[in-house]
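Trainee: what follows is a predicted structure for the sequence shown.
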Amino acid sequence: MTTPGYRIKLHSSLVFPVMLMGVPRRFAILNWTICAALVFGLHMFYVLPISVVIHIAAVFFAKRDPHFFDVFVRHLRQKKYYE
């Protein structure tokens with residue numbers, strides 16, 4: 001509810017998370033850092049297509065809900081009350 005006569009323009013960068021290549025920045029950095037470490041350090045070149053598929057899936061989830069990964073991390077941190 002807004003007070004009559006008062007309006008505030010809100011930039012979209014204040015509402016949506018920072019994206020890098022279509023996914024949240026933290027997820028993209030984590031995904032590609034692990035991929036680079038395995039490919040360049042251990043010469044596990046089969047990890048590269050796996051990382052690309054993970055990134056494409058992450059883009060799909062981020063397009064549907066930009067806060068998907070924040071909610072997922074919060075879900076992983078919650079304690080299980082019912083076993």
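Mentor: Happy to help now that I have it.
Trainee: mind listing what's buried along the top helix by length along the chain?
Mentor: Using DSSP state H to define each element, the chain has its longest helix at helix 47-64. Buried residues in helix 47-64, counted by 16 or more other C-beta atoms under 10 Å: 47, 51, 54, 55, 58, 62. All C-beta atoms are positioned from the backbone trio N, CA, C, and that covers glycine.
Trainee: same question for stretch 23-37.
Mentor: Buried residues in stretch 23-37 (16+ other C-beta under 10 Å): 23, 24, 27, 28, 31, 32, 35.
Trainee: immediately after the longest helix of the chain, which helix or strand?
Mentor: helix 68-77 (DSSP states H and E).
Trainee: so what does that next one touch, helix or strand wise?
Mentor: strand 23-24, helix 47-64 (3 or more C-beta pairs under 8 Å, 6 or more residues apart in numbering; DSSP states H and E).
Trainee: what's it in contact with?
Mentor: The contact list for helix 68-77 (C-beta atoms under 8 Å, 6 or more residues apart in numbering) reads 17, 23, 24, 26, 27, 58, 61, 62, 65.
Trainee: save the buried residues of helix 47-64 as a markdown table, and put in distance to residue 10 too.
Mentor: Shown next, in a markdown table, are the buried residues of helix 47-64 (distance: C-beta to C-beta, whole Å):
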| residue | distance to residue 10 |
| --- | --- |
| 47 | 41 |
| 51 | 35 |
| 54 | 33 |
| 55 | 30 |
| 58 | 27 |
| 62 | 21 |
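Trainee: may I see these arranged in a markdown table, with pLDDT and distance to residue 80 as well?
Mentor: Shown next, in a markdown table, are those (pLDDT from 0 to 100; distance: C-beta to C-beta, whole Å):
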| residue | pLDDT | distance to residue 80 |
| --- | --- | --- |
| 47 | 96 | 31 |
| 51 | 97 | 30 |
| 54 | 97 | 26 |
| 55 | 97 | 30 |
| 58 | 95 | 25 |
| 62 | 93 | 27 |
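Trainee: what's the closest of these to residue 8?
Mentor: residue 62 (27.0 Å; C-beta to C-beta).
Trainee: quick one: residues contacting the closest one.
Mentor: 19, 22, 23, 24, 68, 69.
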